[in-house]
Every structure is written in C-alpha cells, then in structure tokens.
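In: sharing a sequence plus its predicted fold:
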Amino acid sequence: MAKKGSILVVDDEEIMRDVLETLLSAEGYRVDLAKTGEEGLEIYGRSAYDVVLLDVSMPGLNGLDVLGELLKMDADAVVVMITAYATYDTAIAAWERGAFGCIRKPFRNEQITETVAEGIKRRRKEEERRSLRRAMSRSVERDSIIGRSEKMRSVFSLVDQVAPARSTVLVMGESGTGKELIAKAIHEQSPRAAKTFVPVNSTNIPSELLESELFGHTKGAFTGAVAAKKGLFEVADGGTIFLDEIGDIPPETQARLLRVIQEREFTPLGDTTPRKVDVRIIAATNIDLKEAVRQGAFREDLYYRLAVVPIDLPPLRDRREDILALAQHFIRKYNEENNRTVADQIAPDVLALMEAYAWPGNVRELENVVERAVVIAPTSEITRACLPRDITDPPSASATAAGTSDAASALDAGRGVNFYDEVRRFEIDLIRRALDQTGGRQSRAARLLGMNATTLNSKIKTYNIQSRP
C-alpha cells in the first residue's frame with residue numbers, strides 16, 4: 001500500500017477509470033479499479049480502502065445501493081460519489097446515506113485531489129478513534145475476565161487475533177467459565193463495537209418459539225401472532241449475535257441457521273421474501289458438539305460453519321493460579337455493591353482452601369461464594385467460617401479432583417496436622433527459596449516458580465513474606 005493511502009475507483013466508464021487512476025497515482029496513492037458495483041464490493045470485502053470514488057449511475061447495482069452496502073461492511077468507509085447528474089436530490093440522498101462528498105462530472109483535477117486528501121484525513125481520525133475505543137473496551141473487558149495464567153493468556157491472544165475478522169467463532173467450555181464475557185470481548189474489540197451485541201440463550205426459549213425469536217414473524221403467522229415482530233437477527237444487523245448453548249437448538253432451527261450463515265439472509269415466519277442481514281455470529285456450548293454430530297443430534301455442516309475459529313475456555317480447576325486474583329476482584333466488586341470494607345488480602349488458610357477446591361461451577365461458583373462471604377463476614381476479613389462446607393470440609397472426591405490423594409489425606413489425619421496448613425507452609429517455603437536464589441528479584445523468582453509475576457506478588461503480600469536479611 002502506498003504511504004499516502006489507498007483509493008478504490010468504481011466506475012463503468014473505462015476512460016473515467018483511466019483518468020482517475022493516472023491522476024491519483026501521480027499524487028502517490030495506490031489505486032485499484034472496479035467496473036461494476038458488484039466488483040467494487042467484492043474488492044472492498046477483501047481489503048478496506050482509505051477512500052472510495054464511486055459513480056452514481058452504473059448498470060446493475062447503482063452507486064447509492066453500493067454506498068449502502070459499503071457502509072454495512074465498514075461503518076467508517078469514506079465514499080465520494082461522482083455523477084454527471086448531480087442534482088440537489090442526488091447529493092442529499094448520498095449524504096443522507098453516509099457519503100463523504102459528491103462531485104459532479106466534468107470535474108477539475110483539484111476537486112478530486114483535495115476531496116481525496118480530506119477523505120484520508122477523516123479516515124485516519126476514525127482509525128485513531130477506533131483504536132482508542134478498542135483499547136478502552138479491551139481494558140474494561142479484561143477487568144471482567146480475570147486471568148493471568150498461561151491458558152488464559154492464550155485465550156486473550158486468540159481474542160485479539162479474531163476480533164477484527166468477520167468469521168464465526170465457537171466458544172467452548174463448562175458452565176460458568178465466562179463464555180459470554182469472551183463473546184463480548186470479541187465484539188467490543190471488533191469494527192462492530194458501535195453496533196448491537198445481542199445475546200440469545202437457546203435453553204431459555206421454548207423450542208416452538210425459538211425461530212420466531214431469532215427470525216421474527218409477520219402478523220398472523222401463527223396463533224397468537226397479533227402483530228409483526230422483528231427477529232433478533234434483524235435487531236443485531238450490523239453487530240454481533242451471541243448464540244449461547246447452541247447445542248440445544250432443534251434440528252429444524254439448525255437448518256435455518258445454516259442458511260443465515262451461508263447466504264447472509266433469513267425469512268421471517270409467515271413471510272416469503274428473504275431479508276439480507278449483516279451479522280457476525282458467535283456461538284457457545286458446554287457440550288461436546290463433535291460427539292453430538294456423531295450421534296446425529298447436531299448437523300455436521302453447521303458445526304463446521306460455526307467452528308471456523310474455536311476457542312476453548314479452561315475450567316477453573318485447570319487454572320488455579322487465577323483464583324486469588326479472581327477472588328480479590330469479586331471482593332472489591334461486592335464491597336462496592338454492599339457498602340462493605342472487607343479486605344481483599346485473603347488469609348493464607350482461606351486461600352489454601354479455595355485453591356484446593358475443585359470448583360465444579362467454575363468462575364460463577366467462585367463469584368457466588370465470594371459474594372456470600374463479603375455479605376456475611378462479621379469483621380473486615382473473610383475467614384474460614386465465611387466459606388461453604390463443601391469448601392471447608394470437602395468430600396474425598398473433591399479432594400481427589402483438587403490433586404490430593406486419599407493416602408496423603410489419611411497420612412495428614414493420622415499425624416493430626418491440618419493439610420491446608422501444610423500446603424501453605426510448603427508454598428511459603430518455595431517462594432522464599434526462589435527469592436533467595438534470585439536475590440529478591442520477584443520477576444526472576446516468578447519465572448523460576450513457573451507463575452505470573454503479578455500472582456507471585458499477590459501471594460507475597462497475602463502470606464506477608466518479608467525479605468530475609
């Protein structure tokens with residue numbers, strides 16, 4: 001791409017394309033050409049341009065229709081209309097639809113170069129604003145999706161990579177792992193951030209009403225349809241629709257959903273005219289969709305359409321190093337909501353219990369436990385008594401899931417020693433040794449221990465580990 005910018009010229013007249021290409025190339029712009037509106041849309045879909053010079057009157061799709069499609073593809077597109085019939089009505093229609101400007105043929109070269117230069121300035125400003133919005137939304141979402149473990153860093157990296165694209169995403173993970181938060185993060189970091197994010201939980205909608213909710217209906221389409229209703233796909237036009245628990249939708253709805261993905265259109269119930277829609281689909285499931293495909297419960301072609309970019313969210317038991325940061329986040333959140341002042345420096349024995357627990361309900365269960373603890377804490381500290389018995393007195397199965405063998409539990413019981421105190425002392429000893437070996441440098445100690453430096457810092461504060469003289 002030329003340093004000054006990239007221009008797409010869409011005009012059915014060959015001589016006009018040649019004139020504009022020669023003029024703008026001489027100014028240092030990269031210029032690509034399209035002789036029809038359809039070709040112009042195809043080219044722009046492969047790579048966005050700084051400015052589009054678009055003829056109004058062309059065979060097939062006319063310029064105003066192409067303008068509308070371009071702005072659906074890229075809300076910040078800078079489009080300059082060029083016409084030999086620049087009546088007042090044409091200019092008004094173009095501006096109302098979002099055109100940057102309108103130039104009449106025959107034009108002066110200066111009109112083109114000056115308008116293009118102004119258009120590129122506008123494009124650069126919009127790109128700066130978009131970058132700022134993405135940075136701010138990334139910060140907001142990352143505050144909600146706490147995770148410093150290597151597995152969560154991999155998830156965040158994938159979110160950053162996939163967010164700017166239009167591809168469908170399938171988020172997989174157990175209930176309570178934060179699948180909707182990941183979907184929101186993708187939306188908020190995408191070019192669709194200014195548009196609507198529409199979440200749909202398939203399990204909360206009766207199967208007989210699901211298609212009506214998704215695709216809408218006309219008046220009288222079925223008993224009780226007393227008025228026409230927009231479907232959620234139409235509501236999400238230009239934005240993102242999040243289909244949670246996608247594995248639970250019935251076969252007939254799967255077929256219609258496949259058509260929306262393939263054709264980018266749908267037909268409301270009771271209607272016969274398809275409607276075009278520009279929606280990014282992010283789906284989520286807590287079941288093994290590949291197994292559902294093998295059992296015939298889920299369409300194979302739909303699965304591969306949805307799983308263009310699969311994202312696996314790890315359960316909390318597989319990223320225990322995130323428990324401390326998550327718990328501290330929830331303490332601060334529920335302190336504010338309940339006007340409490342509970343300390344977010346969790347006592348070592350409480351943290352040991354939390355890290356030993358299997359968390360079958362994942363982050364959602366941890367949040368509920370912390371909220372309860374903040375509310376019932378008799379002092380400014382969360383104690384063992386604030387935790388549910390499932391955590392303070394776990395059954396052997398939970399202990400096993402937490403990585404604790406029955407033999408070790410029996411040994412500790414025979415010795416009359418609290419197992420969690422042993423875990424705490426062992427961890428403190430490891431941290432002190434690592435700090436001794438690295439001269440107190442926490443970043444090096446964290447690498448030696450195989451943990452995030454922020455996690456190590458939190459543990460040092462929690463355990464009140466002082467530097468040795």
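Out: Perfect, I can see it now.
In: tell me the spacing between the spatially most central residue of the chain and residue 68.
Out: The structure's the chain has its C-alpha centroid closest to residue 186; by CA atoms, centre = their mean the separation is 1.8 Å. The spacing between residue 186 and residue 68, counted by CB to CB, to the nearest Å, is 26 Å. Using the backbone N, CA and C atoms, a C-beta is placed for each residue, glycine as well.
In: measure residue 39 to residue 206 for me?
Out: Using CB to CB, one gets 45 Å for the distance from residue 39 to residue 206.
In: related to what we said a few turns ago, in contact with the residue nearest to the centre of the chain, which residues are there?
Out: 159, 162-163, 169, 240, 282 (CB atoms under 8 Å, 6 or more residues apart in numbering).
In: tell me where the stretch 51-200 of the chain has helices.
Out: Secondary structure of the stretch 51-200 of the chain (DSSP state H, counting those that start in this stretch): helices at 63-73, 88-96, 109-144, 150-162, 179-188.
In: kindly report the same for the stretch 201-350 of the chain.
Out: Applying DSSP H, counting those that start in this stretch to the stretch 201-350 of the chain gives helices spanning 207-215, 232-235, 251-263, 289-294, 300-306, 323-338, 348-356.
In: where are the low-confidence patches of the protein?
Out: Low-confidence segments of the chain, defined by pLDDT under 70: 1-3, 85-89, 91, 129-144, 207-208, 395-423, 452, 454, 467-469.
In: the more surrounded of residue 39 and residue 206?
Out: Counting neighbours by other CB atoms under 10 Å for residue 39 and for residue 206 shows that residue 39 has the greater number, 15 against 8.
In: need phi/psi at the residue nearest to that one when sequence neighbours are not counted.
Out: Distance criterion CB to CB, 6 or more residues apart in numbering; nearest residue to residue 39, sequence neighbours excluded, is residue 10 at 7.6 Å. Dihedral angles phi and psi of residue 10 (degrees, to the nearest 10) take the values phi -120, psi 110.
In: count of residues packed around residue 10?
Out: Around residue 10 there are 29 other residues, counting by other CB under 10 Å.
In: does it touch residue 34 like I think?
Out: Yes. Applying CB atoms under 8 Å, one finds residue 10 in contact with residue 34, separated by 4.6 Å.
In: what do these two both touch?
Out: Common contact partners of residue 10 and residue 34 (CB under 8 Å, 6+ apart): residue 40.
In: what's the neighbour count on residue 53?
Out: Neighbourhood size, residue 53 [other CB under 10 Å]: 27.
In: thought it was touching residue 8?
Out: Yes. Using CB under 8 Å, residue 53 and residue 8 qualify as a contacting pair, with a distance of 7.3 Å.
In: thinking again about what came up before, redo the helices of the stretch 51-200 of the chain as a markdown table? Include distance to residue 246.
Out: What follows is these, written out as a markdown table (distance: least, CB to CB, whole Å):
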| stretch | distance to residue 246 |
| --- | --- |
| helix 63-73 | 25 |
| helix 88-96 | 38 |
| helix 109-144 | 22 |
| helix 150-162 | 17 |
| helix 179-188 | 10 |
